[in-house]
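Asks: Using only what follows, build the 3D model:
(one chain, ligands or ions: 1)
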Amino acid sequence: MLTDRVNTLSESITIAITTLAQELKAEGKDILSFSAGEPDFDTPQVIKDAAIAAINEGFTKYTAVDGIVELRVAIAAKLKKDNGLTYAPNQIITNNGAKHSLFNLISATIQKGAEVIIPSPYWVTYPELVNYCGGKVVEIETTDETSFKITPEQLKAAITPKSRMLILTSPSNPTGSIYTRDELVELGKVLEGTDIIVASDEMYEKLTYDGTFTSCAAVSEDMYKRTVTINGLSKSVAMTGWRFGYMAAADTELIKATKKLQSQSTSNINTITQKAAIAGLDGSADADIEMMRKAFIERRDEAVKLVNAIDGLSVVKPDGAFYLFVNIKEVSSDSLDFAKELLDKKLVAVVPGVAFGSEGYFRMSFATDIETIRTGIARIAEFVAELK
Ligand code: PLP
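Replies: Numbering: from 1, shown residues only. Below is the predicted model:
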């Protein structure tokens with residue numbers, strides 16, 4: 001018999017579609033997949049070299065649960081340099097991916113009755129983790145009309161005495177929207193006087209194309225105290241499989257609690273990844289990051305142009321990350337049906353908006369080569385023309 005807790009979880013639609021597309025491909029079908037959330041680039045050589053050196057030096061034993069000091073010092077230096085944030089190594093813990101950081105954070109702070117405010121469209125994992133921990137999800141709906149960003153008024157209306165956390169993702173998966181400093185300042189003002197924690201998911205920070213990225217914790221003293229900054233290297237240096245993420249918080253008691261949880265569950269993260277991550281954080285891979293960022297800009301511009309040329313579809317140009325969140329409201333009222341039919345008829349895999357809590361859209365990743373993007377969008381155009 002399974003627990004009620006585990007029964008709250010649903011399988012990720014993103015992973016389900018990606019797996020189905022892989023299976024069809026293995027059967028020999030000419031599938032073009034835009035569903036996965038990972039860069040198509042290889043991990044930079046300088047990071048691989050650091051990992052190989054770690055293996056050769058025998059750096060293969062248990063470490064401190066929160067990660068080696070050298071790594072947490074490198075994270076602190078990165079947060080200072082890139083984000084203007086001051087954290088000591090004991091205010092930082094490393095985890096098996098940012099997904100694990102979120103799991104530990106939500107496990108440590110959310111229980112039955114607690115409300116977690118999540119703007120939609122959202123990254124699929126957030127509501128799942130909240131439900132798993134017995135909390136209640138309070139969604140704030142956004143649309144392309146406000147560039148998928150919540151307003152201070154919406155936030156104010158969502159807060160109740162039970163509110164315990166707000167999850168903000170900037171740049172966003174699935175929309176690519178980025179909150180400006182001024183917008184974060186205004187949202188921060190609404191939170192003043194509450195005991196709401198801000199979980200600031202900054203995974204796509206390095207993939208910023210227009211506008212300037214600002215960390216939530218950097219906008220005021222009050223926001224610094226209430227924010228838990230979450231980040232990793234999966235997206236910025238193509239390290240999805242290495243499993244590295246971290247969180248930083250002013251509240252050392254919170255970090256200590258998540259360390260206790262980690263000590264009784266997974267212990268330290270992989271030692272080889274720890275050494276490799278230092279090379280991903282200390283500037284050694286900056287040229288690689290810039291090369292990938294430039295490639296993403298070129299792909300984004302091409303994809304936005306081609307999608308907006310399709311009669312019936314529209315997309316807001318994303319400022320960051322590597323997804324388009326395409327509005328299909330003129331041609332379909334059921335994004336799951338749309339995605340299934342598109343895969344069936346045109347062999348193109350995208351993720352339905354409903355998976356992210358927003359009906360009337362689909363998400364397509366542009367973390368793939370430009371030819372695939374062109375061919376894929378041409379097939380989408382044919383599909384949409386046939387729908388009309
Ligand atoms: N946060 C967001 C917004 C993401 O899109 C992802 C990955 O898709 C993650 C966190 C988790 O990344 P990882 O666990 O690989 O560090």
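Asks: Please make it C-alpha for all contacts and neighbour counts, starting now.
Replies: Will do.
Asks: And Leu342, how far from Lys78?
Replies: Computed as Cα to Cα, to the nearest Å, the Leu342 to Lys78 distance reads 42 Å.
Asks: quick one: the strands in the stretch 151-300 of the chain?
Replies: Secondary structure of the stretch 151-300 of the chain, counting by DSSP state E, counting those that start in this stretch: strands at 163-169, 197-201, 227-232, 245-249.
Asks: List the residues that contact the nearest residue to Leu24 once chain neighbours are set aside.
Replies: Excluding its sequence neighbours, the residue lying closest to Leu24 (Cα to Cα, 6 or more residues apart in numbering) is Ile31, at 7.0 Å. Ile31 sits next to 21, 24-25, 347-349 when contact means Cα atoms under 8 Å, 6 or more residues apart in numbering.
Asks: Just to check, Arg226 is in contact with Ile197?
Replies: Yes: here Arg226 reaches Ile197: they are 5.0 Å apart, a contact under Cα atoms under 8 Å.
Asks: between the two, who's got more neighbours?
Replies: Taking other Cα atoms under 10 Å, Arg226 and Ile197 do not tie; Arg226 has more neighbours (23 against 19).
Asks: Okay, domains of the chain per the record?
Replies: When the chain is parsed with automatic domain parsing, its domains come out as 4-43+286-387, 61-281.
Asks: need the residues of the protein near the ligand, please.
Replies: 37, 97-99, 123, 173, 201, 203, 232, 234, 240, 244-245 (Cα under 6 Å from any ligand atom).
Asks: what about the helices in this structure?
Replies: 4-7, 13-26, 45-56, 69-83, 98-109, 125-132, 152-158, 181-191, 221-226, 252-263, 271-281, 286-308, 335-346, 370-387 (DSSP state H).
Asks: least reliable of those helices going by mean pLDDT?
Replies: Mean pLDDT across the helices of the chain is lowest at helix 13-26; the value there is a mean of 84.
Asks: in that helix, what's buried?
Replies: 13-14, 17-18, 21-22, 24 (16 or more other Cα atoms under 10 Å).
Asks: starting at the chain centroid, how far to that helix?
Replies: Centre-to-centre, helix 13-26 and its host chain are 20 Å apart (Cα atoms, centre = their mean, to the nearest Å).
Asks: Over to stretch 140-154?
Replies: 18 Å.
Asks: Pull out the buried residues from that stretch.
Replies: Those would be 140-144, 147-150, 152, for stretch 140-154 by 16+ other Cα under 10 Å.
Asks: could I get the strands of the stretch 151-300 of the chain as TSV with mean pLDDT?
Replies: Shown next, in TSV, are the strands of the stretch 151-300 of the chain (pLDDT from 0 to 100):
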stretch	mean pLDDT
strand 163-169	98
strand 197-201	98
strand 227-232	98
strand 245-249	98
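Asks: who wins for proximity to Arg300 among those strands?
Replies: Between Arg300 and those, the tightest spacing by Cα to Cα is seen for strand 163-169, at 19.5 Å.
Asks: For that closest one, give me every contacting residue.
Replies: 109-110, 114-119, 126, 195-202.
Asks: quick one, what contacts Ser107?
Replies: Ser107 touches Cys133, counting by Cα under 8 Å, 6+ apart.
Asks: ok, Lys25 - contacts?
Replies: Ile31.
Asks: Please report how far it lies from Phe366.
Replies: 19 Å.
Asks: One more: Ile278?
Replies: 28 Å.
Asks: So the two - more neighbours on which side?
Replies: Neighbours were counted for Ile278 and for Phe366 using other Cα under 10 Å; Phe366 has more, 31 against 21.
Asks: Is the more buried one in contact with Arg299, as I believe?
Replies: Yes: the pair Phe366 / Arg299 is scored as a contact, 6.3 Å apart, by Cα under 8 Å.
Asks: Redo the buried residues of helix 13-26 as JSON lines? Include distance to Ile68.
Replies: Output for the buried residues of helix 13-26, formatted as JSON lines (distance: Cα to Cα, whole Å):
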{"residue": "Ile13", "distance to Ile68": "35"}
{"residue": "Thr14", "distance to Ile68": "33"}
{"residue": "Ile17", "distance to Ile68": "37"}
{"residue": "Thr18", "distance to Ile68": "35"}
{"residue": "Ala21", "distance to Ile68": "39"}
{"residue": "Gln22", "distance to Ile68": "37"}
{"residue": "Leu24", "distance to Ile68": "43"}
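Asks: what two of those have the greatest distance between them?
Replies: So for the buried residues of helix 13-26, where distance means Cα to Cα, the most widely separated pair is Ile13 and Leu24, at 16.4 Å.
Asks: about what we covered before: please identify which of the buried residues of helix 13-26 is nearest to Ile255.
Replies: Out of the buried residues of helix 13-26, the member with the shortest distance to Ile255 (by Cα to Cα) is Thr14, at 30.4 Å.
Asks: I figured that closest one was touching Ser33, is that so?
Replies: No: counting by Cα under 8 Å, Thr14 stays clear of Ser33, with 11.2 Å between them.
Asks: Quick one: end-to-end distance for stretch 22-38.
Replies: Using Cα to Cα, the distance between the terminal residues of stretch 22-38 is 15 Å.
Asks: gap between Ser332 and Val237?
Replies: Taken as Cα to Cα, the span from Ser332 to Val237 is 36 Å.
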